[in-house]
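Trainee: Next comes the sequence, and after it the predicted model I'd like to discuss.
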Amino acid sequence: MAPPQHRRIIVAPSLLAADFARLGEAAREVEAAGADWLHLDVMDGHFVPNISFGPPVVRAMRAACGLPLDVHLMIAPADPYLSAFAEAGAAHITLHPEAGPDLHRSLRAIRALGCKAGVAINPATSPEVAAYVLDLADIVLVMTVNPGFGGQRFLDSQLPKIAALRRMIDASGRAITLGVDGGVDGATAPAALAAGADMVVAGTAVFGAADQAGAIAALRAGS
């Protein structure tokens, strides 16, 4: 079930699983361990049932490490806050179709701010939503849990969705990253990568590992 050799797998540890008393140090540790991106889950207690952090933490992580900051907005409305996250240092901003009235406008706004634009697809959201914005998307993120909390169990029901999106992306001819987020660890990553993902967001599987470099290498290898 290893991923095809021509795909380089991106590993993005989720800061939500780090020790909040030492976020800067935790970010530097996963950078040294070989992480590709640092994933930041922004939650508002409205769009999802939890509250995490905002632009000040993104800004602090920009100063703390050299990894591209992969900001996942689980907030609604998202549009009023795009510029604040871009200015704080986000390299990528991913949002949900349900977080605003005009997904095209939101993605265009993100790209105009100089960031890569992403679309996150919830478990109950059809992959067809992404089909109409692939010309504007740099990242498509499949949620393999219902967003809002870390530590949830990976939903195998999302594997066909990953495969469908892989086919859409390949047919588009564009270099779009296909990620998975939620319950990803050494046991679940192989199936997600085999279905077509080329980026994995992992929280506890990396930040909770005694050997972070080994955990990241195992996720990347799909083993």
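Mentor: Perfect, I can see it now. Everything quoted here is computed from the prediction, not taken from an experiment.
Trainee: Run through the residues that contact Ala63.
Mentor: Contacts for Ala63 were tallied using C-beta atoms under 8 Å, 6 or more residues apart in numbering; they are Gly24. Yep, even glycine has a C-beta here, placed from its N, CA and C like the rest.
Trainee: That one sits in which helix or strand?
Mentor: Here Ala63, judged by DSSP states H and E, is contained in helix 55-64.
Trainee: in that helix, what's buried?
Mentor: Pro55, Val57, Val58, Arg59, Ala60, Met61, Arg62, Ala64 (16 or more other C-beta atoms under 10 Å).
Trainee: Point out where this structure drops to low pLDDT.
Mentor: Along the chain, the parts satisfying pLDDT under 70 run over 1-6, 223.
Trainee: What is the burial count for the residue nearest to Thr94 when sequence neighbours are not counted?
Mentor: The spatially closest residue to Thr94, leaving aside those adjacent along the chain, is Gly118, at 3.0 Å (C-beta to C-beta, 6 or more residues apart in numbering). Counted with other C-beta atoms under 10 Å, residues neighbouring Gly118 total 24.
Trainee: again with Ser106
Mentor: The number of residues packed near Ser106 is 25, by other C-beta under 10 Å.
Trainee: Does it lie in a helix or a strand, and which?
Mentor: Assigned by DSSP H and E, Ser106 falls in helix 103-112.
Trainee: On the three-state scheme, the residue nearest to Thr94 is what?
Mentor: strand (DSSP: H, G, I helix; E, B strand; the rest coil).
Trainee: doesn't Leu141 make contact with it?
Mentor: Yes. Using C-beta atoms under 8 Å, Gly118 is in contact with Leu141, at 5.7 Å.
Trainee: any shared contact partners between these two?
Mentor: What both Gly118 and Leu141 touch, as defined by C-beta under 8 Å, 6+ apart, is the set His72, Thr94, Gly179.
Trainee: I'd like the distance from the last one to Phe20, if you could.
Mentor: When distance is defined by C-beta to C-beta, to the nearest Å, Gly179 is 24 Å away from Phe20.
Trainee: Looking only at neighbour counts, state which of these two leads.
Mentor: Taking other C-beta under 10 Å, Gly179 and Phe20 do not tie; Gly179 has more neighbours (30 against 11).
Trainee: That one: which element?
Mentor: Following DSSP H and E, one finds Gly179 within strand 177-181.
Trainee: And Leu141, by the same measure?
Mentor: Going by DSSP H and E, Leu141 is in strand 139-143.
Trainee: Val48 - that's part of a helix, no?
Mentor: No. Read with three-state DSSP, Val48 is coil and lies in no helix.
Trainee: Make sure Val57 is actually in contact with Phe20.
Mentor: No. In this structure Val57 lies outside contact range of Phe20 using C-beta under 8 Å: 9.2 Å.
Trainee: Could you list the buried residues of stretch 15-22?
Mentor: Judged by neighbour count (16+ other C-beta under 10 Å), stretch 15-22 contains these buried residues: Leu15, Leu16, Ala17, Ala18.
Trainee: Hmm, I typed the wrong one, I wanted stretch 192-212.
Mentor: 192-207, 209, 212.
Trainee: Right, I'll call it a day here.
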